[in-house]
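Student: Build me a model from this:
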Amino acid sequence: MQWRSLVASVLLAPFAHALIRFPCSQLVTERSDPLVTPGVVAPHLHQIVGGNAFNFTMDPSVLDPAKASTCTTCRFAEDKSNYWTAVLFFKHPNGSYIRVPQMANHNTGPGLSAGGMTVYYFQPTPPTKNLDVVAFAPGFRMIVGHPMRRDDDIPATSPEHRSTSYRCFDANDPGNSGVPGFPGDSFHLPNKPCAEGIRSNIYFPQCWDGVNLDSPDHSSHVAFPEGPSSAGLQIFGTDCPASHPVRLPLLFIEINWDTRPFNDVSLWPKDGSQPFVFSMGDPTGFGQHADYLFGWEGDSLQRAMDVCTGGDGIPWNCPVLTTQDMETMNNCRQPNKVAEIVEDQYIQRLPGCNPIQDGPVSATLAPNDCGAQSTWIAAPTPVTAPPAVVTPPWPVCYDGSNPASNPLAPLCNSKPTKANSGPIVTPAPL
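Tutor: Alright, predicted model coming up:
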């Protein structure tokens, strides 16, 4: 089966120079956002992955996630960063909502991740001039996307236009196998049932001002490259603007939403619209957004950028990093610190006060007058089990006798490895 991911796409073009690709299981699903609303319960729900030092404040002056975390939900043990996005819900005809499960991505095994996302760090090659890629620094954080956005109002000529998109997977059909955000994908939530689910595609800015680890809006210290949109690894252009001259790795995430249980069209709206809505009350999908908070141990990310240039995205072919088994990843968990139901059953309204706002004008923040929980518990009852694991409709690893026939697939018998443990053959740069 074709690997329907960004790796497969860029390997078909002469752009891929280096990348690491790995799954991260769900850490917690709760109304927290330490970037936008530090110290208080956030207006809407997020699903969070990464290091278990994640908390409601994440003050960089007192907390280093790489040192404070005792485990991570990501394949590479050195990555104690946190990544989070809004959560997708299905709206039943009776007006109630249920969280849409997430499932393991293509070739992210062995093992099935409990929810979560797939994370990529890419580097460019010529014609990009900024080839001296600098890893993120401790204390760095950023966001991409606009949760209040409800229309396709970013000019197509802007490099930000393709930063968030969706892929609709049909049955036994790879769909658009090109670079995410290009023809075949949509910038709004798909308006038809997707037999094998929906994937969110989210790119972060790749250029940094070289000074500020954060900014008041959590985005102005970074920028997208300039120039015309490219279907290669550059994605949005070629070179960084003079205002943001430092080239960062291209951070890209994919989230596979298991919409298969909701494909019964009798449950879909009769007006021709689709039934899915994001946790901030967005039925359009234009408000998709994501947050990143750096937490790699020491210089491990820079070493990976320098050494892991094979371009296949298989974790075991990055010998300078430590790999974990899926059980270890899935068992790194946090309890929801806000006393409210957020998944596994139908609820009468979206968590928080988030009425449906379908645009096209931008949404407004609703007042907290719906009786939603506004406090969080510092020491909640520990969780005892990860969320239910969903079996995806595609393979997550290769267990055949000819691995060379599937060069992008990890072997199903791969075991955890320590950094520099070898023997590992790293493919030559493309």
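Student: Low-confidence stretches in the stretch 1-150 of the chain?
Tutor: Low-confidence segments of the stretch 1-150 of the chain, defined by pLDDT under 70: 1-17.
Student: at 50 what do you get?
Tutor: 1-3, 10-16 (pLDDT under 50).
Student: which residues of it fall in strands?
Tutor: Taking DSSP state E, counting those that start in this stretch as the criterion, the stretch 1-150 of the chain carries its strands at 18-24, 26-30, 46-50, 82-86, 88-91, 97-99, 117-123, 141-145.
Student: Those strands into TSV, with extra columns for distance to residue 334?
Tutor: Every C-beta, even on glycine, is put in place using the N, C-alpha and C of the backbone. Putting those into TSV (distance: least, C-beta to C-beta, whole Å) gives the following:
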stretch	distance to residue 334
strand 18-24	13
strand 26-30	4
strand 46-50	8
strand 82-86	11
strand 88-91	20
strand 97-99	17
strand 117-123	16
strand 141-145	19
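Student: want to throw those strands into CSV with distance to residue 403 and mean neighbour count?
Tutor: Listed next are the strands of the stretch 1-150 of the chain as CSV, based on distance: least, C-beta to C-beta, whole Å; neighbours: other C-beta atoms under 10 Å:
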stretch, distance to residue 403, mean neighbour count
strand 18-24, 17, 25
strand 26-30, 30, 25
strand 46-50, 28, 26
strand 82-86, 30, 26
strand 88-91, 35, 23
strand 97-99, 37, 20
strand 117-123, 21, 25
strand 141-145, 36, 22
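Student: Show me what the mean pLDDT comes to for the longest helix belonging to the chain.
Tutor: Secondary structure of the chain per DSSP state H: the longest helix is helix 300-307. Helix 300-307 comes out with an average pLDDT of 94.
Student: Please apply the same query to stretch 266-281.
Tutor: 97.
Student: List the buried residues for it?
Tutor: 268, 274, 275, 276, 277, 278, 279, 280, 281 (16 or more other C-beta atoms under 10 Å).
Student: Can you name the two of the residues you listed that sit furthest apart?
Tutor: Maximum pairwise distance among the buried residues of stretch 266-281 (C-beta to C-beta): 21.6 Å, between 268 and 280.
Student: now, among the buried residues of stretch 266-281, which is nearest to residue 411?
Tutor: residue 276 (35.2 Å).
Student: ok, the closest one to residue 29 distance?
Tutor: 16 Å (C-beta to C-beta, to the nearest Å).
Student: try residue 87
Tutor: 6 Å.
Student: who touches both of these two?
Tutor: Residues touching both residue 87 and residue 29 (C-beta atoms under 8 Å, 6 or more residues apart in numbering) are 45, 46, 47, 99, 342.
Student: residue contacts, the fourth one?
Tutor: Think residue 99. Residue 99 touches 29, 87, 88, 89, 342, 343, 344, counting by C-beta under 8 Å, 6+ apart.
Student: possible to save the residues you listed as TSV with distance to residue 35?
Tutor: Formatted as TSV, the contacts of residue 99 follow (distance: C-beta to C-beta, whole Å):
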residue	distance to residue 35
29	17
87	17
88	21
89	22
342	20
343	23
344	27
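Student: show me what contacts the most centrally placed residue in the chain?
Tutor: With distances taken as C-alpha atoms, centre = their mean, residue 253 lies nearest the centre of the chain, 3.4 Å away. Residues in contact with residue 253 (C-beta under 8 Å, 6+ apart) are 83, 85, 117, 118, 119, 120, 200, 202, 290.
Student: Distance of it relative to residue 44?
Tutor: On the measure of C-beta to C-beta, residue 253 and residue 44 end up 18 Å apart.
Student: The residue lying closest to residue 130 once chain neighbours are set aside bridge partners, please.
Tutor: Excluding the flanking residues, the one nearest residue 130 by C-beta to C-beta, 6 or more residues apart in numbering is residue 247, at 3.6 Å. Beta-bridge partners recorded for residue 247 (DSSP bridges): residue 207.
Student: I'd guessed residue 247 sits against residue 207; true?
Tutor: Yes. Applying C-beta atoms under 8 Å, one finds residue 247 in contact with residue 207, separated by 6.4 Å.
Student: any common contacting residues for these two?
Tutor: Listed contacts common to residue 247 and residue 207 are 130, 240; contacts here mean C-beta under 8 Å, 6+ apart.
Student: Between the two, tell me which one has more neighbours.
Tutor: Of the pair residue 247 and residue 207, residue 207 is the one with more neighbours under other C-beta atoms under 10 Å, namely 25 against 21.
Student: that older thread, let's have the buried residues of stretch 266-281 in JSON lines, adding secondary structure and distance to residue 317.
Tutor: Output for these, formatted as JSON lines (DSSP: H, G, I helix; E, B strand; the rest coil; distance: C-beta to C-beta, whole Å):
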{"residue": "268", "secondary structure": "coil", "distance to residue 317": "43"}
{"residue": "274", "secondary structure": "coil", "distance to residue 317": "39"}
{"residue": "275", "secondary structure": "coil", "distance to residue 317": "41"}
{"residue": "276", "secondary structure": "strand", "distance to residue 317": "36"}
{"residue": "277", "secondary structure": "strand", "distance to residue 317": "39"}
{"residue": "278", "secondary structure": "strand", "distance to residue 317": "35"}
{"residue": "279", "secondary structure": "coil", "distance to residue 317": "36"}
{"residue": "280", "secondary structure": "coil", "distance to residue 317": "38"}
{"residue": "281", "secondary structure": "coil", "distance to residue 317": "42"}
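Student: Out of those, the closest to residue 79 would be?
Tutor: residue 279 (24.9 Å).
Student: Show the contacting residues for that closest one.
Tutor: 44, 45, 46, 86, 87, 88, 89, 350, 351, 352, 354.
Student: Now residue 266. Its backbone dihedrals?
Tutor: Note on residue 266: its backbone torsions stand at phi -70, psi -20 [degrees, to the nearest 10].
Student: is it true that residue 166 touches residue 188?
Tutor: Yes. Look at residue 166 against residue 188 with C-beta under 8 Å: they come within range, at 7.3 Å.
Student: Need phi/psi at the nearest residue to residue 111 once chain neighbours are set aside.
Tutor: Spatially, and ignoring its direct neighbours in sequence, residue 111 is nearest to residue 326 (2.6 Å; C-beta to C-beta, 6+ apart). Dihedral angles of residue 326 (phi, psi; degrees, to the nearest 10) stand at phi -70, psi -30.
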